[in-house]
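Visitor: I need the structure of the sequence given here:
(one chain, ligands or ions: 1)
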Amino acid sequence: MNTCSGIWFTKEEIGLSNSSFVSIEKLTYAFESNRPIFQNLTMDVKAGEFVSVIGASGSGKSTLFKLITGLLEPDQGEIWINGENVGNRLGKVGYMPQKDLLLPWRTVLDNVLLPLEVSKENSQRRIPEIREWLNRFGLTEWETAYPDELSGGMRQRVAFLRTIMTGRDLLLLDEPFGALDSLTKRNMHSWLLGLWGELQKTVVFITHDLEEAILLSDRIYLLGRETLQEINVKLPRPRSSELIYQSEFITMRKELECMIHDDR
Ligand SMILES: Nc1ncnc2c1ncn2[C@@H]1O[C@H](COP(=O)(O)OP(=O)(O)OP(=O)(O)O)[C@@H](O)[C@H]1O
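Guide: Model (predicted):
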């Protein structure tokens, strides 16, 4: 039972539009004969929204992404992306899995070019544009470096840039900063907040870090054993990573911890 104080807001109060970019309706999924991970799960993500998905380990967050991309098919229910309900959704999203999956034998530039090569675009023609991106991602000096020469934060930026190069409006980011130390993570938060404001992409972001979820998101979905709770975050944008020291932020964090505790 939820005994938390309920400081969160309605969608209207945080000024969200009503148009869904991702719409998941009554989704049911089980691995083989196991107990279903999801039963009649319904959620949506608005165009241009930043939504985080949090929940205990094993609650199904990565599985949800695999269902959204079409790597797995629902047993029941429907997944719509930008008004389309199609089987091959992988081509409709930029997906950054938990492991960065950079190809060790390719340089930074060649890793970033990969989505263009896969989609049979003339990647060489886009190199000037990609060099501009590398500059904005602080990677210019590392263009010819190989992944094992990079720090964790740099690898994440290369993987993220490669995800952006898919050109998709929807980005699914599975714990992109999970392996980083807290200082690097904070730098990445500032960097991502700035970039997201500029890119105007729709982002769904998996994390275990409650501060990160509140700082970055418009809304948070808390995936429980058999429940899904939706939390609207009313913090003004643009946001800075210094926000985490403000009393309003600390209250939100405590409230989220309370909801997670009640959910167990
Ligand atoms: N290929 C698979 N076959 C069978 N069971 C699986 C498979 N992949 C995941 N599972 C199970 O499904 C459940 C959800 O896994 P999932 O990886 O989606 O959880 P998660 O919330 O992302 O976990 P974490 O936070 O640890 O990354 C877990 O119990 C996991 O063991």
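Visitor: near the ligand, which residues of this protein show up?
Guide: Contact residues, the chain versus the ligand (Cβ under 6 Å from any ligand atom): 31, 37, 55, 57-63. All C-beta atoms are positioned from the backbone trio N, CA, C, and that covers glycine.
Visitor: from those, which land in strands?
Guide: Members of those lying in strands (criterion: DSSP state E): residue 55.
Visitor: from the residues of the chain next to the ligand, which would you call buried?
Guide: Among these, the ones that count as buried by 16 or more other Cβ atoms under 10 Å are 37, 55, 59-63.
Visitor: now, those that are in helices?
Guide: Using DSSP state H, the subset of these located in helices is 61-63.
Visitor: from those residues, pick the one nearest residue 130.
Guide: Nearest to residue 130 among these is residue 62, at 28.7 Å by Cβ to Cβ.
Visitor: let me see the contact set for the closest one.
Guide: Contacts for residue 62 (Cβ atoms under 8 Å, 6 or more residues apart in numbering) come out as 97-98, 174, 206.
Visitor: now a PyMOL select for only the buried ones of those residues.
Guide: Listed next is the PyMOL selection for buried residues among those, using 16+ other Cβ under 10 Å:
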select buried, resi 97+174+206
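Visitor: turn the contacts of residue 62 into a markdown table, columns for secondary structure.
Guide: Formatted as a markdown table, the contacts of residue 62 follow (DSSP: H, G, I helix; E, B strand; the rest coil):
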| residue | secondary structure |
| --- | --- |
| 97 | coil |
| 98 | coil |
| 174 | strand |
| 206 | strand |
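Visitor: among the contacts of residue 62, give me the pair with the biggest separation.
Guide: Maximum distance among those (Cβ to Cβ): 10.0 Å, for 97 and 206.
Visitor: any common contacting residues for those two?
Guide: Residues touching both residue 97 and residue 206 by Cβ under 8 Å, 6+ apart: 62, 65, 174.
Visitor: tally of neighbours for the residue in the stretch 151-264 of the chain that the ligand sits nearest to?
Guide: Among the residues of the stretch 151-264 of the chain, residue 208 lies nearest to the ligand; the distance is 6.3 Å by Cβ to the nearest ligand atom. By the criterion of other Cβ atoms under 10 Å, residue 208 has 13 neighbours.
Visitor: what helix or strand is the most centrally placed residue in the chain on?
Guide: Nearest residue to the geometric centre of the chain (Cα atoms, centre = their mean): residue 205, 2.1 Å. Assigned by DSSP states H and E, residue 205 belongs to strand 202-206.
Visitor: one step back: so the residue nearest to the centre of the chain touches residue 53, yeah?
Guide: Yes: the criterion here is Cβ atoms under 8 Å, and residue 205 meets it with residue 53 at 7.2 Å.
Visitor: so what does the helix or strand following the strand holding residue 205 touch, helix or strand wise?
Guide: Next along the chain after strand 202-206, taking DSSP H and E as the criterion, comes helix 210-216. Counting contacts by 3 or more Cβ pairs under 8 Å, 6 or more residues apart in numbering; DSSP states H and E, helix 210-216 is packed against strand 50-55, helix 182-199, helix 247-263.
Visitor: in the stretch 1-150 of the chain, which spans are strands?
Guide: For the stretch 1-150 of the chain, the strands defined by DSSP state E, counting those that start in this stretch cover 20-29, 38-46, 50-55, 76-81, 93-96.
Visitor: show me the contact partners of the third one.
Guide: The set of residues external to strand 50-55 that reach it, using Cβ under 8 Å, 6+ apart, is 45, 61, 64, 196, 202-208, 210, 212-213, 216-224, 256, 260.
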